[in-house]
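In: show me how the following folds:
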Amino acid sequence: MAKVKKQNAFYAQSGGVTAVINASACGVLETAKLYKSKIGKVYAGRNGIIGALTEDLIDTSKESRKDIAALAHTPSGAFGSCRYKLKSLEENRAEYERLIEVFKAHDIGYFFYNGGGDSMDTALKVSQLSESLGYPITCIGIPKTVDNDLPITDCSPGFGSVAKYVAVSIREAGFDVASMAKTSTKVFVMEVMGRHAGWIAAASGLAAENEGDAPHIILFPEVAFNQAAFLQKVDDCVKKFGYCAIVVSEGAKYEDGTFLADAGTTDAFGHKQLGGVAPVVANLVKQELGYKYHWAVADYLQRAARHIASETDVDQAYAVGQAAVEFAMEGKNAVMPTIVRKNTKTYRWEIGEAPLSEVANVEKQLPKNYISKDGMHITDACRDYLLPLIKGEYFPPFKNGLPQYVKLKNEPVAKKLDTTFEIE
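Out: Okay, here's the model as predicted:
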């Protein structure tokens, strides 16, 4: 049996970060150490894939075992992430050739890309191009997205914790508003992430265990906004319960597809830039019904809230990082570890796999049977799916009343190439 050549590995974090993406990094780095005969060093990309393009690599071997372990309870992207979408091979082959050039210079044979659908597409293309250029690289995608919109996998690491955060937040805000509604705010609007998929908004519905509990109304991207029906329900809730708590996804839109919060601009990925839907909804209520309102945008808080992360989510995030390395060691390529929900009465899950070709650029929306008939709340089927994902607590260590998170040294790797690459 031929001896496998020992090569270095490259790991990068991509897109919006989460409360648990570093747990996946921890899974990759700790598992890679178990395969010293096949994996040399693990380099990380500073600011995601940009680190590879600009040959700005981080030597993770300079970090202590204690600090690597602390990644499991530290939010955000420890090595830096980015919103940088590589173009297609036809549009800009030079970008992919540059990646191969950097990987070859640093003897990198394994590429672990931690991100969403666009990242899976990049990993797939690198795998394909590296073969054609005669320098094959094993590419494994690692799922991550708070939006829970990756296909095939039962859920996406990062989602369970943001789901827990929004459910807790709307429950607590609901108590606040209810206590003051007689003489103050009668309508509260909370905006959550979710451009095309309403998974995060749906998770807020877990807080409504009994009639009258917040949230009373949920606005999903999957359901066209019906202004008349919405205002009628707001009015009914205020008259029946004394107040109305609303959760709205940033991607809520009218029947013609126009976002309620369309700002008229686009982001780095070409997506519509949304200008904040909560104030739009709140002002509509004020204008049409006259109720005093308050609104809030969960924004980065929802995806950075490691102090209230779901234990299930942390465990799954670590597991997909671990599985990515194990897949590579088994000779697998162009695949992504998935979460597979087992058909048992008590929630159980295991690791599966999916070809990157079936994951890349595919968006999973909220199923119709997860949305109530009036289009403004969740069903029992949705509740059954969501509940296990937010269960359990995995608290970080606290000191002086504050969570203690790790900041890595992130020491650079010496450059080997004479050429540079400009990021557009």
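
In: list the contacts for the residue most central in space within the chain?
Out: With distances taken as CA atoms, centre = their mean, T145 lies nearest the centre of the chain, 1.9 Å away. Applying CB atoms under 8 Å, 6 or more residues apart in numbering, we find T145 in contact with G15, G16, T18, G115, G116, G117, S156, G158, F159. (Each C-beta comes from the backbone N, C-alpha and C, glycine too.)

In: now do S310
Out: G160, S161, A163, K164, L389, I390, K391, G392, E393, Y394.

In: give me the spatial nearest neighbour of it, chain neighbours excluded.
Out: Spatially, and ignoring its direct neighbours in sequence, S310 is nearest to G160 (3.9 Å; CB to CB, 6 or more residues apart in numbering).

In: same thing with V277?
Out: A261 (3.8 Å).

In: let me know whether S81 touches I50 as I believe.
Out: No - in this structure, S81 is not within contact of I50 by CB atoms under 8 Å, at 9.3 Å.

In: higher neighbour count, these two?
Out: S81 (24 against 19; other CB atoms under 10 Å).

In: can you pull the contacts of the more buried one?
Out: By CB under 8 Å, 6+ apart, the contact list for S81 reads Q13, S14, G15, G16, V17, I21, N47, G48.

In: secondary structure class for it?
Out: When classified by DSSP: H, G, I helix; E, B strand; the rest coil, S81 comes out as coil.

In: with the one 10 residues further on instead?
Out: What three-state DSSP gives for E91 is coil.

In: give me the number of residues near it?
Out: Quick note: E91 (other CB under 10 Å) scores 9 neighbours.

In: for C82, see how far away it is.
Out: Counting by CB to CB, to the nearest Å, the gap from E91 to C82 is 19 Å.

In: just G276 next, same as before
Out: In terms of CB to CB, G276 sits 23 Å off from C82.

In: could you pull out the helices for this protein?
Out: Remark: helices assigned in the chain by DSSP state H are 21-32, 49-53, 65-70, 93-105, 117-132, 159-180, 199-204, 227-241, 277-289, 299-304, 311-329, 356-359, 380-390.

In: out of those, deepest packed?
Out: helix 199-204 (a mean of 30; mean count of other CB atoms under 10 Å).

In: tell me the helices and strands packed up against it.
Out: Where contact means 3 or more CB pairs under 8 Å, 6 or more residues apart in numbering; DSSP states H and E, helix 199-204 is packed against helix 159-180, strand 187-192, strand 217-219, strand 244-249, helix 380-390.

In: closest one of the contacts of S81 to C237?
Out: Ranked by distance to C237 (CB to CB), the contacts of S81 are led by G16 at 32.0 Å.

In: contact partners for the closest one?
Out: Here G16 is in contact with S81, R83, T145, V146, R303 (CB under 8 Å, 6+ apart).

In: ok, 10 Å please
Out: 77, 81, 83, 115-116, 144-147, 158, 193, 300, 303 (CB atoms under 10 Å, 6 or more residues apart in numbering).

In: low-confidence stretches in this protein?
Out: 1-4, 263-275 (pLDDT under 70).

In: picking up where we left off before, what sits in contact with each of S81 and I50?
Out: A12, S14.

In: isn't T420 right up against V102?
Out: No - at 11.1 Å, T420 does not count as touching V102 under the criterion of CB atoms under 10 Å.

In: overlap in contacts, those two.
Out: Shared contacts of T420 and V102, defined by CB under 10 Å, 6+ apart, comprise L53, T54, E55.

In: which residues touch V126?
Out: Residues near V126 by CB under 10 Å, 6+ apart: 10, 49, 52, 86, 89, 95-96, 99-100, 103, 111, 113, 137, 139, 334, 356.

In: pick out the most distant pair among those residues.
Out: F10 and L89 (19.4 Å).

In: between the two, who's got more neighbours?
Out: Higher neighbour count among F10 and L89: F10, with 26 against 15, using other CB under 10 Å.

In: thought the more buried one was touching I100?
Out: No - the pair F10 and I100 fails to qualify as a contact (CB under 10 Å) at a distance of 11.4 Å.

In: overlap in contacts of these two?
Out: A52, I108, V126, I137.

In: could I get those as a markdown table with distance to K409?
Out: Listed next are these as a markdown table, based on distance: CB to CB, whole Å:
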| residue | distance to K409 |
| --- | --- |
| A52 | 20 |
| I108 | 21 |
| V126 | 28 |
| I137 | 27 |
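
In: tell me the one of those residues nearest T60?
Out: When the shared contacts of F10 and I100 are compared against T60 (criterion: CB to CB), the nearest one is I108, at 12.8 Å.

In: so that closest one bridges to which residues?
Out: Judged by DSSP bridges, the bridge partners of I108 are N8.

In: can I assume it is in contact with Q7?
Out: Yes - contact criterion CB under 10 Å: I108 and Q7 qualify, at 6.5 Å.

In: now for the two: what residues contact both?
Out: In contact with both I108 and Q7: G40, K41, I137, T138, using CB under 10 Å, 6+ apart.

In: who wins for neighbours among the residues you listed?
Out: Within the shared contacts of I108 and Q7, I137 tops the neighbour count with 23 neighbours, counted by other CB under 10 Å.
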